[in-house]
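J.: sequence first, predicted coordinates after that:
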Amino acid sequence: MSSEPPPPSQPPTHQSSVGLLDTQQARDRSPSPLRGNVVPSPLPTRRTRTFSATVRASQGPVYKGVCKCFCRSKGHGFITPADGGPDIFLHISDVEGEYVPVEGDEVTYKMCSIPPKNEKLQAVEVVITHLAPGTKHETWSGHVVSS
C-alpha cells in the first residue's frame, strides 16, 4: 500500500454542470401550465364573464363616478360612485376607450355582480367622460398626453 493520499477528484467544469443540472431539473418537473405564473384570478373579466351576466349588465342603468385609483401593472382599480356608497371594483378588461384611467378621471359605467356569492359589484363598460385636469394620461399604446 502506498502512503500517498489519493489525488483529489476533479469537479466537472461549471458550464457542463450547469447545463446538466438545468436539463435534469427541466426533465424532473411536471409540465404544469401555471408554472412561473400567478394563480388565475377568480374575478370575471370580459373574456370569462358568462353571456347572461354580460346581457344583464348591458341592460342595466348607467352610473357616474370618479376613478379612485387604477394600477395598470396589476390590472385593476376602484371607482368612487357619484351618489356615495362603497367603492366599485374595476378590471382592466372593462375599460373602453384609448386612455388608461388615473385618479380623478370622471367615468360612466354599468355594474355587474361578482360570483360566486354575487355580494360585491364590479364596474363594466367603463368610459372616461372627463380627464382629470393637470394630470398626465397614458394611452394603451404607451403615449403620454397632458390634460
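T.: Now that the structure is in, tell me what you want to look at. Numbering: from 1, shown residues only.
J.: which other helices and strands contact the lengthiest strand in the chain?
T.: In the chain, assigned by DSSP state E, the strand with the most residues is strand 120-130. Identification of packing neighbours for strand 120-130 by 3 or more C-beta pairs under 8 Å, 6 or more residues apart in numbering; DSSP states H and E yields helix 51-59, strand 63-71, strand 88-91, strand 95-96, strand 106-114. Bear in mind the C-beta positions are built from the backbone N, C-alpha and C, glycine included.
J.: 10 Å - rerun?
T.: Under the contact definition 3 or more C-beta pairs under 10 Å, 6 or more residues apart in numbering; DSSP states H and E, strand 120-130 sits against helix 51-59, strand 63-71, strand 76-81, strand 88-91, strand 95-96, strand 106-114.
J.: low-scoring stretches of the protein, by residue?
T.: For the chain, applying pLDDT under 70 flags the ranges 1-49, 147.
J.: can you do 80?
T.: 1-54, 115-116, 118, 147 (pLDDT under 80).
J.: got the contact list for residue 128?
T.: Listed by C-beta atoms under 10 Å, 6 or more residues apart in numbering, the contact set of residue 128 reads 67, 95-102, 105-108, 137.
J.: again but with residue 109, I slipped
T.: 57, 60, 62-65, 79, 81, 88, 90, 94-96, 121-127.
J.: likewise for residue 71?
T.: The neighbours of residue 71, taking C-beta under 10 Å, 6+ apart as the test, are 77-78, 92, 100.
J.: okay, and the beta partners of it?
T.: Beta-bridge pairing of residue 71 under DSSP bridges involves residue 76.
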